[in-house]
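> quick one: sequence plus predicted model below, questions after.
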Protein chains: 2
Amino acid sequence: MNEIAKKLLKDVTGLEDMPKGAYNIRENSKTVSRQSSENIEIVGKEDKSGIDIIVKSNTKSESVFIPALVSCGGVSDLVYNDFFIGENADITIIAGCGVSTGDSCDGSEHNGIHRFFLGKNSRVRYVEKHIGVGTGTGKRVIDPVTEVVQEENSYMEMETTQIKGVDSTRRFTKANLKVGATLVIKEKLMTHGEQFAESKFEVDMDGEDSRVNLISRSVARDYSRQTFISKISGNTRCMGHSECDAIIMDHGVVSAIPEITANSLDAALIHEAAIGKIAGEQIIKLMTLGLTESEAEAKIIDGFLN
Amino acid sequence: MNEIAKKLLKDVTGLEDMPKGAYNIRENSKTVSRQSSENIEIVGKEDKSGIDIIVKSNTKSESVFIPALVSCGGVSDLVYNDFFIGENADITIIAGCGVSTGDSCDGSEHNGIHRFFLGKNSRVRYVEKHIGVGTGTGKRVIDPVTEVVQEENSYMEMETTQIKGVDSTRRFTKANLKVGATLVIKEKLMTHGEQFAESKFEVDMDGEDSRVNLISRSVARDYSRQTFISKISGNTRCMGHSECDAIIMDHGVVSAIPEITANSLDAALIHEAAIGKIAGEQIIKLMTLGLTESEAEAKIIDGFLN
């Protein structure tokens, strides 16, 4: 791995070096390092680029790292990763993608197609950070597609973060929840320059007592544009909630289009969205405490996203 | 007017007889009675079916009645009504539509295309009730299209109610708000049987300090289906709020699809929606006070819609 890739790895996963346990590190469309553990097996796919991550039933408190790095311009990476989570397992997955185009005027993109199959009573915490780096004109594009199938009483928490440097992203997340399954998605997004970000969710609550909670917090700066689309269908006794809070700054534009459909008498669905700029009073309050205007702004945004 | 039409007139407008002041009563695609007042002139259109309602500037505290009645099956009514509201006027418009198909197996429909042009500083309260009556298999359809253009500092409040008997409705309301203009829409809807209702709003806030507030409350009973769609664009300093609360009963299905887009840093937009059935505790509470289950249910729905 070159220095750029090492820096990206640290920014995306927090890792300074190869982690213990299971991991697969992908750089410029190829696996550069892979390790399975006793309970988590990682196998390369034979028919296409990507891996199967197979987690044994009852695996507890283990983590698996699967970052994808693009360390130069002119790369178009497409990867298929499938996660098979055994019954009663309880694991953390650290994913994420860093794209660096350096001073190149060629763009690079990473498209990850992830599928998660959560066995009965399993629990997954999925942490994903997307970053882009580069001073050239090459566009950095990340378009992830995520598909989740949750068996009985499984629990999945997804934390996705995209704070800077990604010029264009279209994120599509689809989930199907069986009896008693719970899905929590926490999305944090900040766009600047002329970036574009779209985040789309489609959740079918087919199982009784399934639950979903989508929480999106975003900041659109400069001339950036964001679209948030969520579609929650309650097809049985279930609870769904989506909320989208966005701060606009400069000339940022944000659209929120949540859709909730109750197809069952026993579905309880709620959504909320609010879009606006930072209230002037909040800034003045912090300025009276000695902060400059831009420090006050930064503090408010930091608090909002964290 | 026949007895059926008289009864519809009363149900839609509350009128037992012809009102004082300006009115236009339409029955089965024809004007059956019309009267202008000193300040409110009603003129038949020459190129198509419908009327122009011209309200003089500074007209205060006057009402105009313009109900449309369909008193038999097999009628397909299409009417174009344009309202020109003079500056500083402050009036109430009582509109609404009653469709009775009796025991006919032929359906009837009324489609009203209404346009409102509100002059500077004018105020309009628009009250509209839609009802359907009939024991035959003929479908009763009401598809209103409303277009509102509000000049500086004008105020419009629309109260629309559809409680029973309309088999299918597609309502489309579009508004453009200039500087300081305010639009308030309160929609009440109850569907039953196999009825279908769609309510769609599109509001452009182009003027600084314009405001919109959309409030929809609905109940979907039996096998009825409802879709609520709102699209609010804040294009300058403005405030927008939409809320959609729906109670589902039996096998009712409700979708809410609100869209808010902030195209300006100074747009503040909020929407909320909640769909669910009546909480069991609420019913039990009222039953301990001596009500039967269905009385308790009726009381809760009544409170919710009023």
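That came through, no problem.
> which parts of the stretch 201-306 of chain A are strands?
A:210-220, A:225-234, A:238-248, A:253-262, A:267-276 (DSSP state E, counting those that start in this stretch).
> that should have said the stretch 51-200 of chain A, apologies.
Going by DSSP E, counting those that start in this stretch, the stretch 51-200 of chain A shows strands at A:60-65, A:68-70, A:76-85, A:90-100, A:108-118, A:123-133, A:140-142, A:145-150, A:155-164, A:168-177, A:182-191, A:196-205.
> circling back to that earlier point, which of the strands of the stretch 201-306 of chain A is buried the deepest?
Comparing these by mean neighbour count (mean count of other Cβ atoms under 10 Å in any protein chain shown), strand A:253-262 ranks first with a mean of 25. In this view, the C-beta of every residue, glycine as well, is placed from N, C-alpha and C.
> so that strand versus strand A:225-234, what angle?
0 degrees (axes from the mean of the first three to the mean of the last three Cα atoms, to 10 degrees).
> mean confidence (pLDDT) on strand A:253-262, please.
Averaging pLDDT along strand A:253-262 yields 94.
> on that earlier part again, what would the strands of the stretch 201-306 of chain A look like in TSV with distance to B:Q226?
Putting the strands of the stretch 201-306 of chain A into TSV (distance: least, Cβ to Cβ, whole Å) gives the following:
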stretch	distance to B:Q226
strand A:210-220	22
strand A:225-234	15
strand A:238-248	17
strand A:253-262	10
strand A:267-276	13
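> closest one to B:I4 among those?
strand A:253-262 (36.6 Å; Cβ to Cβ).
> what helices and strands are in contact with that closest one?
On a contact count with 3 or more Cβ pairs under 8 Å, 6 or more residues apart in numbering or on different chains; DSSP states H and E, strand A:253-262 meets strand A:210-220, strand A:225-234, strand A:238-248, strand A:267-276, strand B:253-262, strand B:267-276.
> out of those, which comes closest to B:S218?
Closest among the helices and strands packed on strand A:253-262, once you apply Cβ to Cβ, is strand B:253-262, at 6.9 Å.
> how about the residues of the stretch 101-250 of chain A by chain B?
A:G234, A:A246, A:I248, A:M249, A:D250 (Cβ under 8 Å from any Cβ of the partner chain).
> for the nearest residue to the first one once chain neighbours are set aside, what are its contacts?
In other words, A:G234. Nearest residue to A:G234, sequence neighbours excluded (Cβ to Cβ, 6 or more residues apart in numbering or on different chains): A:A267, at 2.7 Å. Residues near A:A267 by Cβ atoms under 8 Å, 6 or more residues apart in numbering or on different chains: A:M205, A:G234, A:N235, A:T236, A:R237, A:C238, A:M239, A:G240, B:I248, B:I275, B:G276.
> ok, the first one - how many residues close by?
Spelled out, that is A:M205. The tally of other residues near A:M205 (other Cβ atoms under 10 Å in any protein chain shown) stands at 28.
> show me what the closest residue in space to it that isn't next to it in sequence bridges to in the sheet.
Nearest non-adjacent residue to A:M205, counting by Cβ to Cβ, 6+ apart: A:C238, 3.9 Å away. As for beta bridges, A:C238 partners with A:S210, A:A267 under DSSP bridges.
> do the same with the one 5 residues further on
Taking DSSP bridges as the rule, A:E243 bridges to A:I215, A:E272.
> pLDDT score assigned to it?
Reported pLDDT for A:E243: 93.
> pretty sure it is touching A:A256, no?
No. Using Cβ atoms under 8 Å, A:E243 is not in contact with A:A256; the gap is 9.6 Å.
> thinking again about what came up before, same list (the strands of the stretch 51-200 of chain A) but as TSV, adding mean pLDDT.
What follows is the strands of the stretch 51-200 of chain A, written out as TSV (pLDDT from 0 to 100):
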stretch	mean pLDDT
strand A:60-65	95
strand A:68-70	91
strand A:76-85	95
strand A:90-100	93
strand A:108-118	94
strand A:123-133	94
strand A:140-142	90
strand A:145-150	97
strand A:155-164	93
strand A:168-177	95
strand A:182-191	96
strand A:196-205	96
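> now these as TSV including distance to A:P19?
Formatted as TSV, the strands of the stretch 51-200 of chain A follow (distance: least, Cβ to Cβ, whole Å):
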stretch	distance to A:P19
strand A:60-65	5
strand A:68-70	15
strand A:76-85	17
strand A:90-100	8
strand A:108-118	19
strand A:123-133	13
strand A:140-142	22
strand A:145-150	22
strand A:155-164	18
strand A:168-177	25
strand A:182-191	23
strand A:196-205	28
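> looking at those, which is buried most?
Greatest burial across these, using mean count of other Cβ under 10 Å, falls to strand A:68-70, with a mean of 28.
> show me what contacts the residue nearest to A:N28 when sequence neighbours are not counted?
Spatial nearest neighbour of A:N28, excluding adjacent residues (Cβ to Cβ, 6+ apart): A:V75 at 5.3 Å. With contacts defined as Cβ under 8 Å, 6+ apart, A:V75 is in contact with A:N28, A:S29, A:S108, A:E109, A:H110.
> measure stretch A:2-20 end to end?
Start to finish, the residues bounding stretch A:2-20 are 21 Å apart (Cα to Cα, to the nearest Å).
> tell me how far the residue of the stretch 101-250 of chain A found nearest chain B lies from B:E259.
Here the residue of the stretch 101-250 of chain A nearest chain B is A:I248; by Cβ to the nearest Cβ that distance is 5.3 Å. Going from A:I248 to B:E259 by Cβ to Cβ, to the nearest Å gives 16 Å.
> for A:G303, same thing?
For A:G303 relative to B:E259 (Cβ to Cβ), the value is 28 Å.
> go on, A:S154?
For A:S154, the distance to B:E259 - Cβ to Cβ - is 32 Å.
> then A:S122?
A:S122 is 36 Å from B:E259, by Cβ to Cβ.
> which strands and helices lie in contact with the longest helix along chain A?
Taking DSSP state H as the criterion, chain A has its longest helix at helix A:293-305. The contact analysis (3+ Cβ pairs under 8 Å, 6+ apart) places helix A:293-305 against strand A:182-191, strand A:210-220, strand A:238-248, helix A:280-288.
> now do 7 Å
strand A:210-220, helix A:280-288 (3 or more Cβ pairs under 7 Å, 6 or more residues apart in numbering or on different chains; DSSP states H and E).
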